[in-house]
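A.B. asks: here's a sequence, model it:
(chains A and B)
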Amino acid sequence: MLSVFTATLKTVARDRGVFVWALAFPILLSTIFMLMFANIDEAQSFDPVPTAVVADADWDASPLAGAVESLAEPDAEGSDALLAVTAYPDEAAARRALLAGEVAGVLSVDAAGVPRLAVAPADDGVGVDQVNQTILQNVVSAYGRDRELLAGIVAADPRALADPDRVAAALEPPEGLRSVSLTREAPTETVRFYYALFGMAALFGGTIGLVAVCRVQPNLSPLGARCAVGALSRGRVLVASLAACWVIAFACLMVAFLYVRFVVGVGFGGREGLCVAGLAAAALLATALGTLVGSLPKVDYGAKTGLLTGIVCLLSLFAGLYGEPCMELADLVAREAPALAALNPARVITDMFYSLYYYDSLAPFLAKLGTLLALAAALFAASLAFVRRQRYASI
Amino acid sequence: MDIVSVENLVKRYGDLVALDHFDLRIRPGEVFGLLGPNGSGKTTAINCILQLLTYDKGSISLFGEPMAPTRYDLKRRIGVVPQNVAVFEELTVRDNIDYFCSLYVGERARRRELVERAIAFVGLEDYARFRPRKLSGGLLRRLNIACGIAHEPDLVFFDEPTVAVDPQSRNAILEGIKAMNASGATVVYTSHYMEEVEEICTRIMIMDHGRGVAVGTNAELKAMVSAGERIEVEVAGLPELPEPVLADLRVLPHVRRAAAEDGRLTVMCGQGTRNVADVLAVLERHQVPMGRIYAEPPTLNDVFLEITGTDLRD
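C.D. replies: Residues are numbered from 1 along each chain as shown, chains lettered A, B, ... in the order given. Prediction:
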């Protein structure tokens, strides 16, 4: 059996056609995705709000100057600066910059220490300018609220100002207002496409199983007939061959995974180890799918490869690989016909990575993993019905 | 005990009867030839014996025991050299032989020894690291043979191993088969090349339409039919052979047919001991100038022609 395993490894590993689909395809497509999605990610990135300040004596005397200065620097947790501040000597110079579109707003402080914000007239749309103006308005209103709060403390209990903890507690958001992350990682629009790509790439690995089965089936090739007259049982030859196929399919997926993770830079929620387990299950399912298609009787080899390609492309459509409309279609099918989505291996593989990335709990991942293994078992069982025959009416 | 025993085997492909109550007995140490035109059922018979094909009726025994798809103990003693070259394109010559040998021999050290012996047997020492696509047609056929016999089986089926092979490789293959037989292996050899079958087979079965129409040694088969020598005489000096000469030839007791064309006289004879002498006597009597004279014994084609009414090469 070991020699059959080794020989299958060698024969499949030297088959260029197999590697086009199982290895080159995911690497090529993920590179294309990387180039396509680079613009989307850039468009979704946040740039600091360009802000003018009138740096006169009133400004310098105001606590707002310090607050704005802190917002113009990255915070201790590494988040980007909120504001990009430019100081102007007087109001007129700052307003000229505003009208010229160089800044989103002008911050100043009047003689009474009251902050003032000037923004350019808004157009009808909702764009970056409006978002920037809203941010500046929030900065000013938050400062005003805190200023009034501290004034109230001074009036009620001036000694409290000497206690930094009490001041910090007073400036905290009200009880019941808490920042909560609903997902394990920040949702991004693009990762699902990469995960769907893994679904398709894994299933294309089925080509490996298809090739191996066709080579050992007596009714499919002279080579198969020759193997079948040997003194090693058909079952042992098949098990050894399919084990080799699984190893190669898994290796191809691993290479693609490492490329997507470390070259393309796609995140997997810091759970790369579990991803490897998922890939192993996906490779098993792909081998089973290839085995089933490869063992179909009375269908020639060319038709089988065409059939497998068609099946993979169709399943990938419902995993949302081909763009936003397909992603919506996939989501629609998942909502309206969850059983169909649950039986679509491309979708299950996509969702498996998705659940690792988004959910704290491992239960969704394990459920998908179990589904993959169950589907693989079902496909192998169906294949068995075709390949168990020892003799044929014609070869 | 017969090495191969097939009784009353019937195999149908729909309405077509590929094997029609086919019987076969092969004794140990024989080189047994299955001779017949394409479509006569030779390969189907072998595939049924090897349990690759189902059959409708009949029984098959090998080495005195009933053959079945799971009789791996019997399969271990059989080698098969299929009609089509069936090797892995991605493996080297040595790896290919090792793979097919591993289907019969599990022990690695023993296998290594067998593989090297098989490579030497077919003369592929210089090509052991080559992949099949770099081999010529003749070398590929040798590899095909090495893959089938590396495990040194007791019974080897050669299914038309010399198709599309150059004369040099063909001779090497036939010599190899003789050597295998000499070392104790029983050989079943199918071909539609009667010259090869005549050359190497100790017994021959002539097949037609799925049936064995005659079986015996080369001499026995030829003795079964009335066809005798075929005599050809060059009569280049005469533009046409006079009709009285032909008439005198045709009345000879063993002459079946006599005709002259392009300065060559052809006389087909039946079994007899004085055919050549009698023909030459007639020609001398008519003072026919004679060039070269050829006298060929009957061929298996003549046997096939007489038994089936059609030519073997049709």
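
A.B. asks: what residue in the stretch 151-300 of chain A comes nearest to chain B?
C.D. replies: Residue nearest to chain B within the stretch 151-300 of chain A: residue A:230 (2.9 Å; CB to the nearest CB). Yep, even glycine has a C-beta here, placed from its N, CA and C like the rest.

A.B. asks: which ones are touching the closest residue to that residue other than its chain neighbours?
C.D. replies: Excluding its sequence neighbours, the residue lying closest to residue A:230 (CB to CB, 6 or more residues apart in numbering or on different chains) is residue B:103, at 2.9 Å. Going by CB atoms under 8 Å, 6 or more residues apart in numbering or on different chains, residue B:103 touches A:4, A:227, A:230, A:231, A:232, A:237.

A.B. asks: phi, psi of residue B:103?
C.D. replies: With angles defined as degrees, to the nearest 10, residue B:103 sits at phi -70, psi -10.

A.B. asks: swap in residue B:208?
C.D. replies: The phi/psi pair for residue B:208 (degrees, to the nearest 10) is phi -160, psi 130.

A.B. asks: give me the low-pLDDT residue ranges for chain B?
C.D. replies: By pLDDT under 70, the low-scoring segments of chain B are B:311-314.

A.B. asks: chain A contacts on that one?
C.D. replies: B:13, B:47, B:50-54, B:69-70, B:72-73, B:75-76, B:78, B:80, B:82, B:84-91, B:95, B:98-100, B:102-104, B:108, B:111, B:147-148 (CB under 8 Å from any CB of the partner chain).

A.B. asks: let's see that with 6 Å instead.
C.D. replies: For chain B, the residues in contact with chain A (CB under 6 Å from any CB of the partner chain) are B:50-52, B:54, B:69, B:72, B:75-76, B:80, B:82, B:84, B:86, B:88, B:90, B:99, B:102-104.

A.B. asks: from these, keep the buried residues only.
C.D. replies: B:50-52, B:69, B:75-76, B:80, B:82, B:86, B:88, B:90, B:99, B:102-104 (16 or more other CB atoms under 10 Å in any protein chain shown).

A.B. asks: by proximity to chain A, which residue of the stretch 1-150 of chain B wins?
C.D. replies: Going by CB to the nearest CB, chain A is nearest to residue B:103 of the stretch 1-150 of chain B, at 2.9 Å.

A.B. asks: from residue A:100, how far off is that residue?
C.D. replies: The spacing between residue B:103 and residue A:100, counted by CB to CB, to the nearest Å, is 83 Å.

A.B. asks: cool, residue B:35 as well?
C.D. replies: Per CB to CB, residue B:35 is found 102 Å from residue A:100.

A.B. asks: assign the residue of the stretch 151-300 of chain A closest to chain B to helix, strand or coil.
C.D. replies: coil (DSSP: H, G, I helix; E, B strand; the rest coil).

A.B. asks: and for it, the neighbour number?
C.D. replies: Neighbours of residue A:230 under the rule other CB atoms under 10 Å in any protein chain shown: 23.

A.B. asks: just residue A:19 next, same as before
C.D. replies: Neighbour count of residue A:19, defined by other CB under 10 Å: 17.

A.B. asks: what helix or strand is residue B:170 on?
C.D. replies: Using DSSP states H and E, residue B:170 falls within helix B:167-182.

A.B. asks: what does stretch B:148-160 contact?
C.D. replies: Stretch B:148-160 has contacts (CB atoms under 6 Å, 6 or more residues apart in numbering or on different chains) with B:3, B:43, B:46, B:77-83, B:97, B:101, B:104-105, B:114-115, B:118, B:185-191.

A.B. asks: one step back: from residue B:70, how far out is the residue nearest to residue A:230?
C.D. replies: With distances taken as CB to CB, residue B:103 is found 15 Å from residue B:70.

A.B. asks: secondary structure element for the closest residue in space to residue A:86 that isn't next to it in sequence, which one?
C.D. replies: In this structure, residue A:86 finds its nearest non-sequential neighbour in residue A:52, 5.4 Å apart by CB to CB, 6+ apart. Element membership for residue A:52 (DSSP H and E) is strand A:49-54.

A.B. asks: any idea of the mean pLDDT in that strand?
C.D. replies: Averaged over strand A:49-54, pLDDT sits at 89.

A.B. asks: which strands or helices does the next helix or strand after that strand pack on?
C.D. replies: As assigned by DSSP H and E, the chain's next helix or strand after strand A:49-54 is helix A:57-61. Helix A:57-61 sits against no helix or strand, with contacts defined as 3 or more CB pairs under 6 Å, 6 or more residues apart in numbering or on different chains; DSSP states H and E.

A.B. asks: list the buried residues for helix A:57-61?
C.D. replies: Result for helix A:57-61 [16+ other CB under 10 Å]: buried residues A:58, A:59.

A.B. asks: can you show me the CA trace of it as PDB?
C.D. replies: The C-alpha coordinates for helix A:57-61 follow below in PDB (Å, rounded to 0.1, in the frame of the first residue of the first chain):
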ATOM      1  CA  ALA A  57      -4.200  84.700  23.000                       C
ATOM      2  CA  ASP A  58      -7.800  83.500  23.800                       C
ATOM      3  CA  TRP A  59      -7.100  80.100  22.100                       C
ATOM      4  CA  ASP A  60      -3.900  79.700  24.000                       C
ATOM      5  CA  ALA A  61      -5.600  80.400  27.300                       C
END
